[in-house]
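J.: 3D model of this:
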Amino acid sequence: MIYIETSRLQLRDWKDTDLEPFSRLNGDKEVMAYFPKTLSVEETKLFYQTITDEFMQCGYGLYAVEVKESKAFIGFIGFHKAIFEADFTPCIEIGWRLKREAWGNGYATEGAAACLQYGFNVLGFNDVYSFTADINTSSKGVMEKIGMSYIRDFNHPKVEKDSPLYKHVLYHARKK
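T.: Numbers count the residues shown, from 1 in each chain. Now for the predicted structure:
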């Protein structure tokens, strides 16, 4: 099923054939630079199962993204229920992860903007959050381009205190 369509992208259900390129994506050190580590094939399979389970439980999730013209899988953009221990959780988070070859084309911004509107207008969300390591300037740029507002910094409780990824930024968008 296609949930969201933009001029260049389709945000859709996952297919079994996505698992292999998804595993490559999660094993790419550059793609995963702002995460504590890359994911193995087994960890990717578990993440894939978590994504599909969240769709079943919540009716939304991290949508597989493909480029319309080529039908190429390039990653995910979508929603996740963040439940780690913080004063703003549980919350609906919007996030994205795209393969390196897709970077620099505006796909993350295009897909995330459409996804955010889908969340407000179709799924009925009133508030959506996003967060990333403070050093991840690219994702902060996407958050700002899609109309999210910076709230504050916080230390991510699931990241080691001595890691450069420990300091995070929190962004928010509210249904208008």
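J.: mind listing the strands in this protein by residue range?
T.: Ranges of strands in the chain, per DSSP state E, are 2-5, 9-12, 62-67, 73-82, 91-98, 127-133, 149-155, 167-174.
J.: Check the gap between Tyr129 and His80 for me.
T.: 10 Å (Cβ to Cβ, to the nearest Å). All C-beta atoms are positioned from the backbone trio N, CA, C, and that covers glycine.
J.: Find residues that contact each of these two.
T.: Listed as contacting both Tyr129 and His80 by Cβ atoms under 8 Å, 6 or more residues apart in numbering are Ile92, Glu93.
J.: tell me the most buried of the strands of the chain?
T.: Greatest average neighbour count among those goes to strand 62-67 (a mean of 23), per mean count of other Cβ atoms under 10 Å.
J.: now that one: how far from the chain's centre is it?
T.: Chain-centre distance of strand 62-67: 10 Å, with Cα atoms, centre = their mean, to the nearest Å.
J.: Start and end of stretch 152-171, how far apart?
T.: 7 Å (Cα to Cα, to the nearest Å).
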